[in-house]
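> What follows is a protein structure lacking sequence information:
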């Protein structure tokens, strides 16, 4: 398992955090089978919960590659601003945005993985981590 | 054969939408099924950039605290590698699975659907009855209240195509079964955790035709592939199973990889592929599981055809005389298997030493060709050996509990196999022989050819298995050389005559009387085999 944290970061509108910014976001697959990328919603001056509700505030992306050059879709998710609940009863407030991708069994040809954090139309502040296991 | 091809799965926390890409290109015409579990699945949609919006199989708003559950599908999918977008009715946690299936109709494949909510450690769908004329593809997904539990589906015939459990966000599973003949069914999921509220959704699709053209996933699970390394040499990409058939993705080169006895994957051929063995330039290898769970290499070299399309090249595991399973041999099977009356599929295969043994459990069923079956016999010492490797002179007779037949041995003598005859082997009347139990309990052959004046009716060579008292053996043999009463009767004797003589109509042709004795055998002989029963209350002495 390998986990790399990224500290509190202010993302301008449409900014991207990828492996050119944070090299740990790209790895050789090796024996990894699961990719996990998470960011806190309620940190800093511009938390996601404070952004307009219903508007995509941030996007987390996982991609895979055979050669480390050409990248293909793996999975991704879009997260809105405003308060979001995790459960059906609407009682558990989401404090993070996360994607969890157990790619191992389905993408045996993958040799490289990378994650990206793509900000939406509003400036936001996040902190989080990427974990390969 | 219809079934799952490839898929993907994932979860997201507090998301308004999620995407999942398929690993490789979809085969045009196939069906893509997608399941989504979320607090707000109701009102959700699924789409991809190639095929557009997906049709709703069933969206189920649960009546308990389990997350809502739904299955969508796209029939007659276009070729390409789609990325599906799952959009629930509102933001929240999302668990999603996608799987490509071969076999469903390309137009209006959706058949019956159903959903069930329950509380416990298992949940069983309500009974549904499919209507597809050529069978059905059954697809089910489950949602739960408690997360991070391991979910499974152990229903016979079902396979879990995608299992994203345990998962802290959403436990998501999609399972399927190909139903060869449409009809009623249920499916049961279970959780490893404590009792909780769950929901299961089942969607069924009509199949185009029985069978199909796609390799079953069970075959693919034993394949691994290795892509090219920067130095151009193949290296092991992953030792685990492949969920989908190997595909050529740009520069990758496939080489056979085998699982070593200690469970570690090894490259069978370290270099690049020399020759393409299939149009897709794939090199596949087949491994078979041994009783100890080890998968030996079926054949280290390239396989001319994928194992799923060349059943005659499947390697059969065999049971040797010492009870240990071994590899039958790298070459093609010489004979197809046969189905015994007790439901076991057996076949005989050539071993490296050229001998055939019984392969007790074969899951695949190639075509039957009884004319080339090798007969297995049990020798006097209880060890199986090959009676004859060439075609059988006569087809085997299916007895009520076991396959019984007699065959000539290499020395030209006929013996019978170990299982007792329950029914008279009248279907193989031309070459059956008599087996007599001798003084030490061992069977000996009375004679491969019928003795002169043998007590048979209508010129049949009826098998007569006789258990004799040791001291009477010679006397019986002497009697057997003389025609018994009734032998002179022609088969055309009327029913009335037969009844008057105390025989069942038709019994004359089998040399039997109503008292289950064999005509012509001396009183001190006990009859066994054929219709005569030597055990229990039906055992009778000949009189």
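That came in fine, so what should we check first? Because the structure is a prediction, the values reported are computed rather than measured. Numbers count the residues shown, from 1 in each chain, chains lettered A, B, ... in the order given.
> Okay, and the closest residue to residue A:10 other than its chain neighbours sits in which element?
Leaving aside its chain neighbours, residue A:10 sits nearest to residue A:125 (5.0 Å; criterion: C-beta to C-beta, 6 or more residues apart in numbering or on different chains). Just so you know, the C-beta spots here come from the backbone N, C-alpha and C atoms, and that holds for glycine as well. Assigning secondary structure by DSSP states H and E places residue A:125 in strand A:124-132.
> Kindly report the same for residue B:14.
strand B:3-15.
> Count the neighbours of residue 112 for me.
Using chain A. 19 (other C-beta atoms under 10 Å in any protein chain shown).
> wait, chain B
Residue B:112 has 19 neighbours, counted by other C-beta under 10 Å.
> mind listing what the helix or strand harbouring it pairs with, with the direction of each?
Assessed by DSSP H and E, residue B:112 sits inside strand B:110-120. Applying DSSP bridges to the sheet, strand B:110-120 is found paired with strand B:196-206 (antiparallel).
> May I see the buried residues of the partner strand?
Within strand B:196-206, the residues that qualify as buried are B:196, B:197, B:198, B:199, B:200, B:201, B:202, B:203, B:204, B:205, B:206, counting by 16 or more other C-beta atoms under 10 Å in any protein chain shown.
> Quickly note the distance from the third one to residue B:120.
What it means is residue B:198. 8 Å (C-beta to C-beta, to the nearest Å).
> ok, now residue B:52?
From residue B:52 to residue B:120 the distance is 39 Å (C-beta to C-beta).
> Those two: who's more crowded?
When residue B:52 and residue B:120 are compared for neighbours, residue B:120 comes out ahead with 13 against 10, by other C-beta under 10 Å.
> Check the gap between the more buried one and residue B:173 for me.
For residue B:120 relative to residue B:173 (C-beta to C-beta), the value is 16 Å.
> Disregarding residues adjacent in the polypeptide, which is nearest to the closest residue to chain B within chain A?
Proximity to chain B, evaluated over chain A using C-beta to the nearest C-beta, is greatest for residue A:94 at 3.1 Å. Once flanking residues are discounted, residue A:94 sits nearest to residue B:14: 3.1 Å by C-beta to C-beta, 6+ apart.
> On the strand side of things, show who residue B:199 bridges to.
Bridge pairing for residue B:199 - DSSP bridges - gives residue B:117, residue B:143.
> does any bit of the helix or strand that contains residue B:93 sit next to chain A?
Assigned by DSSP H and E, residue B:93 falls within strand B:92-102. Yes - counting by C-beta under 8 Å from any C-beta of the partner chain, contacts between strand B:92-102 and chain A involve B:92, B:93, B:94.
> okay, now the residue nearest to residue A:94: neighbour count?
By the criterion of other C-beta under 10 Å, residue B:14 has 26 neighbours.
> Verify the stated contact: it with residue B:93.
Yes - shown here, residue B:14 and residue B:93 form a contact pair, counting by C-beta atoms under 8 Å, at 6.7 Å.
> got the contact list for whichever residue of chain B sits closest to chain A?
The nearest approach of chain B to chain A comes at residue B:14, 3.1 Å away (C-beta to the nearest C-beta). Taking C-beta atoms under 8 Å, 6 or more residues apart in numbering or on different chains, we find residue B:14 in contact with A:41, A:79, A:84, A:85, A:86, A:94, A:96, A:97, A:98, B:91, B:92, B:93.
> And residue B:28, by the same measure?
B:76, B:77, B:78, B:79.
> if I pick the second one, what's in contact with it?
Contacts of residue B:77 were listed using C-beta under 8 Å, 6+ apart, and they are B:26, B:28, B:29, B:30, B:31, B:32, B:50, B:51, B:100.
> Check residue B:10 too.
Counted by C-beta under 8 Å, 6+ apart, residue B:10 has contacts A:75, A:99, A:100, A:101, A:102, B:18, B:20, B:95, B:96, B:164.
> Each with direction, which strands does the strand holding residue A:125 pair with?
With DSSP bridges as the test, strand A:124-132 pairs up with strand A:2-11 (antiparallel), strand A:35-40 (antiparallel).
> most centrally placed residue in chain A?
For chain A, residue A:60 is the residue whose C-alpha lies nearest the centre (C-alpha atoms, centre = their mean; 3.3 Å).
> pretty sure that residue contacts residue A:116?
Yes - judged on C-beta under 8 Å, residue A:60 makes contact with residue A:116 at a distance of 7.5 Å.
> Okay, and the beta partners of the residue nearest to the centre of chain A?
With DSSP bridges as the rule, residue A:60 is bridged to residue A:77, residue A:117.
> got the contact list for it?
A:37, A:39, A:76-77, A:79, A:97-99, A:115-118, B:12.
> about what we covered before: out of the contacts of residue B:10, which is most surrounded?
Going by other C-beta under 10 Å, residue B:96 tops those with 34 neighbours.
> can you give me the strands in chain A?
With DSSP state E as the criterion, chain A has strands at A:2-11, A:16-17, A:26-28, A:35-40, A:56-65, A:71-80, A:96-101, A:112-119, A:124-132.
> Now render those strands as a markdown table, adding mean pLDDT.
Listed next are these as a markdown table, based on pLDDT from 0 to 100:
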| stretch | mean pLDDT |
| --- | --- |
| strand A:2-11 | 91 |
| strand A:16-17 | 94 |
| strand A:26-28 | 94 |
| strand A:35-40 | 95 |
| strand A:56-65 | 96 |
| strand A:71-80 | 96 |
| strand A:96-101 | 96 |
| strand A:112-119 | 95 |
| strand A:124-132 | 94 |
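> and residue A:55, how many neighbours?
Count around residue A:55 with other C-beta under 10 Å applied: 13.
> thought it was touching residue A:80?
Yes - using C-beta under 8 Å, residue A:55 is in contact with residue A:80, at 6.2 Å.
> Export the strands of chain A as JSON lines, with columns for distance to residue A:47.
Below are the strands of chain A laid out as JSON lines (distance: least, C-beta to C-beta, whole Å):
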{"stretch": "strand A:2-11", "distance to residue A:47": "11"}
{"stretch": "strand A:16-17", "distance to residue A:47": "17"}
{"stretch": "strand A:26-28", "distance to residue A:47": "27"}
{"stretch": "strand A:35-40", "distance to residue A:47": "8"}
{"stretch": "strand A:56-65", "distance to residue A:47": "10"}
{"stretch": "strand A:71-80", "distance to residue A:47": "12"}
{"stretch": "strand A:96-101", "distance to residue A:47": "11"}
{"stretch": "strand A:112-119", "distance to residue A:47": "13"}
{"stretch": "strand A:124-132", "distance to residue A:47": "6"}
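> Could you check the ones you listed and tell me which one is nearest residue B:125?
The minimum distance between residue B:125 and those falls on strand A:96-101, with 27.1 Å, by C-beta to C-beta.
> what lines up beside the closest one in the sheet?
strand A:35-40 (antiparallel), strand B:3-15 (antiparallel).
> And chain A, is the following helix or strand past the longest one touching that?
What it means is strand B:3-15. Sequence-wise, the next helix or strand downstream of strand B:3-15 (DSSP H and E) is strand B:17-21. Yes - on the criterion C-beta under 8 Å from any C-beta, strand B:17-21 is in touch with chain A at B:17, B:18, B:19, B:20, B:21.
> from these, which single one is nearest residue A:45?
The closest of the residues of strand B:17-21 next to chain A, once distances to residue A:45 are taken by C-beta to C-beta, is residue B:17, at 26.6 Å.
> Quick one: residues contacting the closest one.
A:77, A:78, B:85, B:86, B:87, B:88, B:94 are the contacts of residue B:17 under C-beta under 8 Å, 6+ apart.
> so how many other residues sit close to the fifth one?
Yep, that's residue B:87 we're talking about. 21.
> Then the second one?
A total of 22 residues lie near residue A:78 under the criterion other C-beta under 10 Å.
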